[in-house]
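>>> Sequence first, predicted model second:
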Amino acid sequence: MNAKQKGKLPRLQREFYRGYAVVFWTLTLEQRAQGWLNALFHPRFRELMLHGLRVPNCFVPPTA
């Protein structure tokens, strides 16, 4: 079974995964399901996001 049949994008050749990379990630919340950001979920999610600050050579720009 190939990647297309599994519903996943095919991987690039090995040389494309070397060196630095830029990843842009957004989280759209407008007009989305409610109730998932609660007192239990919030600290776990915050810890996950803060983990990126501890990764070597990882830059997390400040938000406005």
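Yes, it's here. Numbers count the residues shown, from 1 in each chain.
>>> All the helices of this protein, in order from the start?
Counting by DSSP state H, one finds helices in the chain at the ranges 3-6, 41-54.
>>> Just the CA atoms of the last one, as CSV, please.
So that's helix 41-54. Provided in CSV are the C-alpha atoms of helix 41-54 (Å, rounded to 0.1, in the frame of the first residue of the first chain):
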residue,chain,number,x,y,z
PHE,A,41,-6.6,21.1,28.7
HIS,A,42,-5.1,24.6,29.0
PRO,A,43,-1.9,23.8,31.1
ARG,A,44,-1.2,20.7,28.9
PHE,A,45,-1.5,22.7,25.7
ARG,A,46,0.6,25.6,27.1
GLU,A,47,3.4,23.1,28.2
LEU,A,48,3.4,21.7,24.7
MET,A,49,3.8,25.1,23.1
LEU,A,50,6.5,26.1,25.6
HIS,A,51,8.4,23.0,24.8
GLY,A,52,9.3,24.6,21.4
LEU,A,53,11.2,27.3,23.3
ARG,A,54,13.6,24.6,24.8
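>>> Any stretches of this structure with poor pLDDT?
1-6, 60-64 (pLDDT under 70).
>>> swap the cut-off to 50 and go again
3 (pLDDT under 50).
>>> Centroid-nearest residue for it?
Centroid-nearest residue in the chain: residue 25, 5.9 Å away (criterion: C-alpha atoms, centre = their mean).
>>> How much space separates it from residue 15?
Counting by C-beta to C-beta, to the nearest Å, the gap from residue 25 to residue 15 is 24 Å. C-beta: built from backbone N, CA, C; applies to glycine.
>>> ok so, going back, wait, which of the helices of the chain is closest to residue 20?
Ranking the helices of the chain by proximity to residue 20 (C-beta to C-beta) places helix 41-54 first, at 14.9 Å.
>>> now that closest one, how far from the chain's geometric center?
Counting by C-alpha atoms, centre = their mean, to the nearest Å, helix 41-54 is centred 11 Å from the centre of its parent chain.
>>> Of all the residues in that helix, which ones are buried?
Buried residues in helix 41-54, counted by 16 or more other C-beta atoms under 10 Å: none are found.
>>> can you offset everything so residue one is 62?
Got it, the first residue is 62 from now on, which makes the last one we talked about helix 102-115.
>>> Give me the helices and strands touching it, please.
Judged by 3 or more C-beta pairs under 8 Å, 6 or more residues apart in numbering; DSSP states H and E, helix 102-115 is in contact with no other helix or strand.
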